[in-house]
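[1] Sharing a model that was predicted from the sequence below.
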Amino acid sequence: AEAHITAPQRELNPKDENSSKSDRVTLKKEIGLLSACAIIIGNIIGSGIFISPKGVLEHAGSVGLSLIVWVCGGGICALGSLCYAELGVTIPKSGGDYSYVTEIFGGLVGFLLLWSAVLIMYPTTLAVIALTFSNYVLQPAFQNCLPPFIATRLLATICILFLTWVNCSSVRWATRIQDVFTVGKLLALVLIIVVGLIQISRGHYDALRPSVAFEFSEDPSVGQIALAFLQASFAYSGWNFLNYVTEEVVEPRKNLPRAIYVSIPLVTLVYTMTNIAYFSSMTPEELLASNAVAVTFGEKLLGMFSWVMPISVALSTFGGINGYLFTSSRLCFSGAREGHLPYLLAMIHLKNCTPIPALLLCCIATIVILCIGETHNLINYVSFINYLSYGVTIAGLLYLRKKRPNLARPIKVNMLVPITYMIFWAVLLGFSLYSEPVVCGLGMVIMLTGVPVYFVGVQWKEKPKWVYRLLEKVTYMGQKLCYVVFPQEDTSETEPLTAFKATD
């Protein structure tokens, strides 16, 4: 990276070793335990709990089995998060899956995860959440029809642009928004749960009776159950996002695992109770017929206060957009720092210490996906690529245990945890491939398109000189436009890993 810094850049990138840590131009550690929990909970609870119940019930075939899928989905996330807690404190770098896989398996595998995430996974997820936000906000104005296509896209774009500006301006503002809206979305779900429990106490729980709950219209196949888990995984996605901002967490070796231990069980409990509340007032047929489960629930039970549900969902998705922008931009930042993306994306604002170029890339990619049109068709691709990256990452943990047994591990989970997760992962993906070969195959194709890009863009070192001159010019212009420089490294958190590699 140093070879591509021009003289003016060096002037903007002071390396005064006597400067205090507070004066360093680096990503600031401003994420405490509360904000860390808010990032995990806020990223998990977005639009998923308001979209996925329909898909889970459809594939599970019964109320009882769908509830089991929700509970087991949370349990699987807990197993995965324990593994990520070990990786997060063993390899304390921002970037999550990408950083761990790159460190363990090398550049190509890491680049493929980065490529699929930047190209499809995060822009699509952001677009889906933003569209859910705009649909719920506009619904009161278009009660008898769907909101216009242009109106939903325009409002979603304005939301993305506003939150990008907030994240570019201040890490503290972004985390405060995350804290506030995480509390707001939990209160919205608590409202659903409380109303549902009141219904159950009045005897309205016919769909939850064991004799009725496990009535199947047809016997579910293993493939259908796997697809039900894949649908639930969309609602649970985001459980690993704190690992994307490890370098900004205060005392990550303590707060990273603590936040995971608090957040995952809480979300699992909330999701399961929310689904029970849905079934206290809606028959399975009504839930399957609804395109907005929470709104249908509110219309049936809240009467004149049914407007609370659209607003609650809008607040929930607004916080989800903020969390995804915050964390996905750090993935781009980490990829650029490793040399897998243009170096401009590894720079941060000289005063605000925010990765403005990476945030702008995430913003632009999301707006492009919004303009394409149908984004919901891409959810299955996103879920498949998500689970594929989880499995590869946890396989890396097993490989690292064998290859580097003496590596300092502040947290070391029992081997049964990653092995159990890998067995579940293999079964789920195997049956998903069998049930939806086209969807899963296209997901693999999307990921593998990164292979030629990697060899041309990263491995090919002898590019024509005009290519390097063009890159330098674009980088220099980007620096002046965004007022960004390369951050100064703070190696205090990565010394154990570096020390081991020196003696390995």
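    That came through, no problem.

[2] List the contacts of residue 321.
    Residue 321 makes contacts with 46, 126, 129, 130, 133, 159, 160, 163, as judged by C-beta atoms under 8 Å, 6 or more residues apart in numbering. Backbone N, C-alpha and C define where each C-beta goes, glycine included.

[3] and if we set it to 6 Å?
    Residues in contact with residue 321 (C-beta atoms under 6 Å, 6 or more residues apart in numbering) are 129, 130, 163.

[4] The residue most central in space within the chain - nearest residue in space that isn't next to it in sequence?
    Residue closest to the average C-alpha location in the chain (C-alpha atoms, centre = their mean): residue 238, at 3.5 Å. Leaving out its chain neighbours, the residue that sits closest to residue 238 by C-beta to C-beta, 6 or more residues apart in numbering is residue 43, at 3.2 Å.

[5] Secondary structure element holding the one you found?
    helix 33-44 (DSSP states H and E).

[6] Who are the packing partners of that helix?
    Contact analysis of helix 33-44 by 3 or more C-beta pairs under 6 Å, 6 or more residues apart in numbering; DSSP states H and E lists helix 171-201, helix 252-281, helix 308-337 as its packing neighbours.

[7] Could you pull up the mean pLDDT of the next helix or strand after it?
    Helices and strands here follow DSSP H and E; after helix 33-44, the next one along the chain is helix 48-60. On average, the pLDDT along helix 48-60 is 81.

[8] Packing partners of helix 48-60?
    Helices and strands touching helix 48-60, by 3+ C-beta pairs under 6 Å, 6+ apart, are helix 63-90, helix 222-236, helix 252-281, helix 293-301.

[9] how about these in a markdown table, adding mean pLDDT?
    Formatted as a markdown table, the helices and strands packed on helix 48-60 follow (pLDDT from 0 to 100):
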| stretch | mean pLDDT |
| --- | --- |
| helix 63-90 | 89 |
| helix 222-236 | 81 |
| helix 252-281 | 88 |
| helix 293-301 | 78 |
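
[10] Dump those helices to JSON lines, plus mean neighbour count.
    Converted to JSON lines, these look like this (neighbours: other C-beta atoms under 10 Å):
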{"stretch": "helix 63-90", "mean neighbour count": "22"}
{"stretch": "helix 222-236", "mean neighbour count": "23"}
{"stretch": "helix 252-281", "mean neighbour count": "21"}
{"stretch": "helix 293-301", "mean neighbour count": "21"}
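
[11] In CSV, list those along with distance to residue 371.
    Converted to CSV, the helices and strands packed on helix 48-60 look like this (distance: least, C-beta to C-beta, whole Å):
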stretch, distance to residue 371
helix 63-90, 32
helix 222-236, 22
helix 252-281, 32
helix 293-301, 27
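
[12] what about the stretch 301-450 of the chain, any weak spots by pLDDT?
    Along the stretch 301-450 of the chain, the model assigns pLDDT under 70 to residues 373-381.

[13] run the last query once more with 90
    By pLDDT under 90, the low-scoring segments of the stretch 301-450 of the chain are 301-339, 343, 346, 348-354, 369-391, 403-413, 424-449.

[14] likewise the stretch 1-150 of the chain?
    1-64, 73, 75-82, 84-99, 103, 106-107, 113, 116-150.
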